[in-house]
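**Q** Sequence first, then the predicted structure, then my questions.
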Amino acid sequence: MSSSDYPTEEQVAQAAANAEAEAKSIEAESSDVVVEEGHENGTPVSDEVAICFDHVTKTYKLYKNDKQRFASIFWGKKKRELVTTVNANNDLSFEIKKGEAVAFLGENGAGKSTALKMVTGVAYPTKGTVTVNGHVSALLELTAGFDKALTGRENVRLRGKAMGFTDEQLETLIPKTIEFADLGVYIDQPVRMYSSGMKSRLGFGLAVSSDPEILVVDEALAVGDKRFKEKCYARVREIMEDENVTVLFVTHSSGAAEEFCKRGIVLDKGTKRFDGPIEEAVAFYDNMA
Amino acid sequence: MSTLVNIIRSQWERREQIFSLALFDLRKQARGTVLGPAWLFVKPIVYICVFWFALEIGLRSGSNEPGAPPYILWLMGGLVPWFYIQTMLGTGSSVFARFKYLVNKIKFPLAGIPTIFAIAEMIIHLGMVALLLVVYFLFGQPLDWYLLQIPVAIVLMFVFFYMFSLTTSLLSAISKDFKNLIVTFSTPLFWLSGIIFNVYDLGIGWLQTLLMFDPITFIASMFRCAVYDKTWIWENPMAVIGFAVVFVAMLVVTLVVYKRTREEVPDVI
């Protein structure tokens, strides 16, 4: 067993200590900008940190072939024959305050989804630390992962259970989701009968009904018909205004980003290229392309 | 050590969730049929009947000694745990593929996923054990202390094959070779592990010793000690030692593999 694959506890502790010190200095630098932003738009932005990325690098190993992948289980780092390693996120640092709405802009493969996966907690950073405070509800690939054999209602219950809701919470979550998804008689039919639009409605309904503290939206609003899309936009706006939740919005369309967010982070090949007010971020992104 | 604590604690915190997800999985298996849950038991029962017919009626392998317990009890003692083990060798060796949404859509402890599947299968298994006991008492067999070996065997089987399922599922996620390897060996293991022949009657010393290290043989033997042989499993010390060795080895392998692959698996599945 090689301990070199992952940082030891000591290293992690050290990194965390460094991070804390650095985070404080970053905070000092950027805090007035954020506060100003908050006042300008009339949205409450607290000082509480919701998400903190501290020098996060996420490396994907690309093996030459399946044989090398197989061999990698048994042999140490040196013997692995890799085509290359890809840093989907490269030394990425940022801090997002509770109640902020931040857009991640970037080309395909810029590392937006990887960053969001780490926020959701389904991927781990190779280096650095990711801190997340609050219940995350993610709209990662909405239609994926529903069980085709179960009905829509059962799927909502199953997902709710898997996300850690209690039975009492499910009593309010399920009707709320069903009402939002508005699938009529189909809600009690197996999901294999659903059209792709219906599946995303169900997924979206679940994500926005679960009272998230951090809502992660990954290009999800591009689905469904116009009327449902408007309903989704309205719901996201409502969540952002009333419930003081943090929203992370991933997109390549600058229109949607400007509509929802006050701050934009531009990523390119895994590194942060720009972080600031959304108009400037969009301008930066458009120039880059 | 900290890895072990991590595996156990991450699941204990979510015990209720894991249990209800297991019930969901069962419900799903019974979905789309009129008979529903009955189907979960029909297949093993048909297997038991077919083996009983082939072995006792066809091949006359039953004991000729007067006063011996009915052969069906010996057969069920091997087949009932085998059905559980068989599923753990099959689907159990790639559970992350089955519960993909828990791996890369929702934050859920990776180590808890094999538990969901194991509990679902365990519920079916407990039903089969109940059936075994019904048959046992219908043949007028006594209620005695030997029967206590059954719950012990069930717990050992659950824990051992949980570790097996976690390890192989992690490895299968990285390379499908593992899944294919195990699926390929599933049927041979049935014939080699003494599910339908008596390991202690082989008369080939070295083979008998080797089979002491086969956990499948151990579990089946423990069931048979309880319902047929009326002995204690430790009356054969070699069997207990063999199982203990394999158990500890499995634990070490599980911890190593888990530590090494758990952060990589969500990326590759």
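**A** Okay, I see it.
**Q** Closest to the centroid, which residue in chain B?
**A** The centroid of chain B falls nearest to B:Ile85 when counting by C-alpha atoms, centre = their mean (2.8 Å).
**Q** Quick check: chain neighbours aside, which residue is closest to it?
**A** Nearest non-adjacent residue to B:Ile85, counting by C-beta to C-beta, 6 or more residues apart in numbering or on different chains: B:Ile216, 5.7 Å away. The way it works is simple: take the backbone N, C-alpha and C, and place the C-beta from them, glycine included.
**Q** What residues does the stretch 51-200 of chain B have near chain A?
**A** Residues of the stretch 51-200 of chain B lying close to chain A (C-beta under 8 Å from any C-beta of the partner chain) are B:100-108, B:171, B:174-177.
**Q** Just the helices from the chain, written as ranges.
**A** Went with chain A since none was named. Using DSSP state H, the helices of chain A run over A:9-41, A:66-74, A:112-120, A:152-163, A:167-181, A:196-209, A:226-242, A:254-260, A:278-288.
**Q** other chain: chain B
**A** B:2-12, B:15-29, B:38-52, B:71-89, B:95-98, B:100-104, B:112-138, B:149-174, B:176-192, B:205-211, B:215-224, B:237-261, B:265-268.
**Q** A:Glu259: which of those is closest?
**A** Using C-beta to C-beta as the criterion, the shortest distance between A:Glu259 and these is 28.7 Å, found for helix B:100-104.
**Q** who does the closest one touch, helix- and strand-wise?
**A** Contacts defined by 3 or more C-beta pairs under 8 Å, 6 or more residues apart in numbering or on different chains; DSSP states H and E place helix B:100-104 against helix A:152-163, helix B:112-138, helix B:265-268.
**Q** Residues in contact with stretch B:209-218: which ones?
**A** Stretch B:209-218 is contacted from outside by B:81-82, B:85, B:156, B:160, B:189, B:192-195, B:199, B:202, B:233, B:238-239, B:241-243, B:245-247, B:250, using C-beta atoms under 8 Å, 6 or more residues apart in numbering or on different chains.
**Q** and if you look at stretch B:98-109?
**A** With C-beta under 8 Å, 6+ apart as the test, stretch B:98-109 has contacts from A:117, A:120-123, A:136, A:138, A:140-141, A:144-146, A:159, A:162-163, B:10-11, B:13-14, B:91, B:96, B:110, B:113, B:116-117, B:265-266, B:269.
**Q** now with 6 Å?
**A** Stretch B:98-109 is contacted from outside by A:Gly121, A:Val122, A:Gly145, A:Ala162, A:Met163, B:Ser10, B:Phe96, B:Ile113, B:Pro266, B:Ile269, using C-beta atoms under 6 Å, 6 or more residues apart in numbering or on different chains.
**Q** show me the contacts for the spatially most central residue of chain A.
**A** The centroid of chain A falls nearest to A:Leu116 when counting by C-alpha atoms, centre = their mean (3.0 Å). When contacts are counted by C-beta under 6 Å, 6+ apart, A:Leu116 touches A:Val216, A:Asp218, A:Val250.
**Q** Distance check, it against A:Arg235.
**A** Per C-beta to C-beta, to the nearest Å, A:Leu116 is found 19 Å from A:Arg235.
**Q** Would you mind confirming that A:Val208 is in contact with A:Arg235?
**A** Yes - using C-beta atoms under 6 Å, A:Val208 is in contact with A:Arg235, at 5.0 Å.
**Q** more crowded one of these two?
**A** A:Val208 (24 against 17; other C-beta atoms under 10 Å in any protein chain shown).
**Q** residues in contact with that one?
**A** Contacts of A:Val208 (C-beta under 6 Å, 6+ apart): A:Arg235.
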